[in-house]
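>>> any chance you can model this:
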Amino acid sequence: MPERVRIGIIGCGAIARYTHLRGYAQLTDEVEVVALADPFRENLNLLGDMHSIPADSRYVSYEDLLARDDIDAVSVCTPNYLHGPQTVDALRAGKHVLCEKPMATTVETAMTMVEAAKDTGKILMVGFTHRYMKHNQVTKQLLDEGAIGKPFMIRVRFAHDGPYESWAATTDWFFRPEKAGGGALLDMGIHALDICRYMLGEITTVSGQLGTFGKDIALEDTAVISLGFGNHALGYIETGWSSKEGVLGLEIYGTEGSIVVDYTTPIRIFRASTRKWEEITDAVNDSAVAEMRHFVECVKSGKQPLTSGEDGLISVKLAAAVYESAKSGCAICLD
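Alright, predicted model coming up:
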């Protein structure tokens, strides 16, 4: 492999522009973006011009991009329903893959993706960018060090005004069940489910309720989820697209203290031993750069990523269980 990892981008929408390409652009000593693919010429040329991609390296067909032998890895940044087939095709073409979340719209498709990575020996990483936020990495370190004793409860709130306004989708696929696979739960809630696993361990039971309050769409824009963990801890998630003033943060309670995380302010930790609140002020980074750097490191070293295909599969299983719970009105136990 050359000194710089050669990257192809499949899908030239908002997530490619504002996360993947922005992240890679800060890693020019380690990465070279050599090609783009998107069926819409307008998107293709917009990002191609922004990142100086030659005209003959801008493809309407992603298969043409995958046919190149000078591409080591790809970012899959397309609508949800395309993640599965495009990731499997990329892996079978000998490329490492960073796939946006949710990795798939069904458990079966996610399993196929994981199997393809195993069969080909290539890296499959899922874009759970919240794990790469320094707020969350510092919090995880505090938990591992026993800073608040044994954690027994987590509350996560991930809400904003979604594709309605803040980063308005240029197409309507977000609101079409057959393409999105789900609404705010699969978009925002999948991050929250992953962060809960990252912080407290495996989730064994879920109970969910869904609603639609912001617009007349065929998908949920709000979800609340109760969780049970294998270590007997409890959790609660509030997530949605209908918040007019977004909330991104979490609270974790332990036997010896608590941690409060708001992505816009310093981490706050309460220690029972001192009965005082402390602030951690240096827990800030650019998570897009951190995520892309980690992917590149995994491609170069062959190590498994922090957010692996298996992590993506588990999160899809959890989301499917929440949908089942909301439909049946019953809690769902997972193996």
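>>> where do the domain boundaries of the chain fall?
5-129+289-308, 130-286+316-333 (automatic domain parsing).
>>> okay if I get those domains as a markdown table plus mean pLDDT?
Putting these into a markdown table (pLDDT from 0 to 100) gives the following:
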| stretch | mean pLDDT |
| --- | --- |
| domain 5-129+289-308 | 97 |
| domain 130-286+316-333 | 93 |
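>>> quick one: contacts for the residue nearest to Leu219 when sequence neighbours are not counted?
With CB to CB, 6 or more residues apart in numbering as the criterion, Leu219 has its nearest non-adjacent residue at 3.1 Å, and that residue is Gly183. Just so you know, the C-beta spots here come from the backbone N, C-alpha and C atoms, and that holds for glycine as well. By CB atoms under 8 Å, 6 or more residues apart in numbering, the residues touching Gly183 are Phe175, Leu210, Thr212, Ile217, Leu219, Glu220, Asp221, Trp241.
>>> ramachandran coordinates for the residue located most distally from the centre of the chain?
Using CA atoms, centre = their mean, the residue of the chain lying farthest from its centre is Thr274. It sits 36.4 Å away. Phi and psi for Thr274, reported as degrees, to the nearest 10, are phi -110, psi -10.
>>> again, but for the one 5 residues further on
For Glu279, the backbone dihedrals (degrees, to the nearest 10) come out as phi -120, psi 140.
>>> burial count for it?
Neighbours of Glu279 under the rule other CB atoms under 10 Å: 10.
>>> that one bridge partners, please.
Here Glu279 sits in beta bridges with Arg268, going by DSSP bridges.
>>> identify the residues contacting it.
For Glu279, the contacting residues are Pro266, Ile267, Arg268, Ile269, by CB under 8 Å, 6+ apart.
>>> can I assume the first one is in contact with Ala283?
In this case it means Pro266. Yes - between Pro266 and Ala283 there is a contact under CB atoms under 8 Å: 6.9 Å.
>>> between those two, tell me which one has more neighbours.
Ala283 (19 against 16).
>>> shouldn't Val316 be within a strand?
No - secondary structure of Val316 (DSSP: H, G, I helix; E, B strand; the rest coil): helix, not part of a strand.
>>> could you check how far it is from Gly254?
As defined by CB to CB, to the nearest Å, Val316 lies at a distance of 29 Å from Gly254.
>>> now swap in Asp286 and tell me
Counting by CB to CB - Asp286 and Gly254 are separated by 29 Å.
>>> so for those two, which sits in the more crowded spot?
Comparing Asp286 with Gly254 by neighbour count (other CB under 10 Å), the higher total belongs to Gly254, at 21 against 15.
>>> can you give me phi and psi for that one?
phi -130, psi 180.
>>> pretty sure it is touching Ile148, no?
Yes - with contact defined as CB under 8 Å, Gly254 counts as touching Ile148 (3.3 Å).
>>> the stretch 201-335 of the chain: helices as residue ranges?
Under the criterion DSSP state H, counting those that start in this stretch, helices of the stretch 201-335 of the chain are mapped to 287-301, 309-328.
>>> quick check, Leu36 in a strand?
Yes - assignment of Leu36 by three-state DSSP places it within a strand.
>>> okay, and the beta partners of it?
Beta-bridge pairing of Leu36 under DSSP bridges involves Ile9, Arg58.
>>> hang on, it packs against Tyr59?
Yes - between Leu36 and Tyr59 a contact is recorded at 7.0 Å, counting by CB under 8 Å.
>>> contacts for stretch 290-304?
Outside stretch 290-304, the residues that touch it by CB under 8 Å, 6+ apart are 1, 5, 19-20, 23-24, 26-27, 30-31, 72-73, 96, 98, 123, 125, 127, 129, 132-134, 305-306.
>>> list the contacts of the nearest residue to Gly235 once chain neighbours are set aside.
In space, Gly235 comes closest to Leu227 once its chain neighbours are excluded; the distance is 3.4 Å by CB to CB, 6+ apart. Counting by CB under 8 Å, 6+ apart, Leu227 makes contact with Ile154, Cys196, Ile203, Thr205, Val206, Leu234, Gly235, Tyr236, Ile237.
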